[in-house]
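1. what would the 3D arrangement of this be:
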Amino acid sequence: MKIVVIGGTGLIGSVLVTKLRESGHDVSAASPSSGVNTITGAGLAEALQGAEVVVDVANSPSFEDKAVMEFFQTSGRNLLPAEATAGVRHHVALSVVGADLLPDSGYMRAKAAQEELIKNATTPYTIVRAPQFFEFTSSIAEGAADGDTVRLPPAPMQPIAAADVSAALAEIAVEKPVNGTIELAGPERIGQDDLVRQFLAAKQDTRQVVTDPDAGYFGAHVTDDALVPTGPARVGGTHFADWLAANQPKGA
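-> Numbering: from 1, shown residues only. From the prediction side, this is the model:
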C-alpha cells in the first residue's frame, strides 16, 4: 500500500514512517525538507500520485492564534482537494482530545477548524484525537511557571507517549476509514498539576507546583472533561513512570 505521511520527519511522523515501512508499505515522508509543502502547494500533486492513504501529522511552527489558524486552514485547503484529484481513499489526521471543548485556546480552535475541513471534503477520513504527549510535559510546566512556582489546575488528563500515538496511527492508517473520530488515551488518568509535579521531581527541578483550580491551560479556562476522551478510547501501553525512567530527565 502506498502511504504518504505529511509531516513525516517530525516527532510522530518519523516513527510512524518507520513502523509502516517495517510492515511492508511503500511510504513517503512528505515535508518541506523533502520538497512537499502543504502551505504553498509545492510538490503536493507529485507526492500524492498513486497514494491510497494520506496521514497528516504536520503541526504549525507557530502557536500564535492567527498563525496557527492560518496554518491548518491553508494546509487543509491545499491538501484535501489534491487528495481528491489523486484518488486517495483514506485521509487520516492527527488532532487533539478536547479540540472542540476549549474555545479560549487559539490552537484548539485551529484544530477544530481543521477537523471541519476534513469532514466537509470528499475523501473518506479518520480523525484521530490524541491527548497531550508525555514529551510535552515540560512545555506545560514552562507555560505555567512564574519564578519558583508553577501554578496549574487539577483538571484530569490522560497523557500518552508519542511512540504509542505513532503505533496507533500505523494501525489506523491501514484500516477502513470510519468517517468519524477515534480517540487515544494513555493508561492512567492524572491531574495536570500532579503530572507536572511528578515530572519536575524526576528532573530534580525544585520549583513548586501550586494547585489552582482557576489556573489556565496555556491561557485557556479548562473544565474537568476538556482534556480527557469523551468516550471509548484506544489506550497506549506506556506508563508515565516508565517513560520518565527511560528518558532519565536531569536537573533543570
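2. which parts of the stretch 1-150 of the chain are strands?
-> 2-6, 26-30, 53-56, 90-96, 125-130, 145-146, 149-152 (DSSP state E, counting those that start in this stretch).
3. of all those strands, which lies closest to Ala113?
-> strand 90-96 (10.6 Å; Cβ to Cβ). Yep, even glycine has a C-beta here, placed from its N, CA and C like the rest.
4. next up, phi/psi of the residue nearest to Thr238 when sequence neighbours are not counted, please.
-> Counting by Cβ to Cβ, 6 or more residues apart in numbering, Ala161 is the residue found nearest to Thr238 once chain neighbours are left out, at 3.9 Å. As for Ala161, its main-chain torsions (degrees, to the nearest 10) stand at phi -70, psi 140.
5. Ala161 contacts Leu244, doesn't it?
-> No. Assessed by Cβ atoms under 8 Å, Ala161 is found out of contact with Leu244, at 10.6 Å.
6. neighbour count winner among the two?
-> Applying other Cβ atoms under 10 Å to Ala161 and Leu244 shows that Ala161 carries more neighbours, namely 22 against 17.
7. was I right to think Leu94 contacts Val54?
-> No. Counting by Cβ under 8 Å, no contact exists between Leu94 and Val54, whose distance comes to 11.8 Å.
8. in stretch 189-203, what's buried?
-> Going by neighbour count (16 or more other Cβ atoms under 10 Å), the buried part of stretch 189-203 is 190-200, 202-203.
9. I'd like the list of the residues you listed that fall within helices, please.
-> Cross-referencing the buried residues of stretch 189-203 with the helices (criterion: DSSP state H) gives 192-200, 202 as the overlap.
10. mind putting these into a markdown table with distance to Tyr107?
-> Written out in a markdown table, the entries for those read as follows (distance: Cβ to Cβ, whole Å):
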| residue | distance to Tyr107 |
| --- | --- |
| Gln192 | 16 |
| Asp193 | 21 |
| Asp194 | 23 |
| Leu195 | 19 |
| Val196 | 19 |
| Arg197 | 24 |
| Gln198 | 24 |
| Phe199 | 21 |
| Leu200 | 23 |
| Ala202 | 26 |
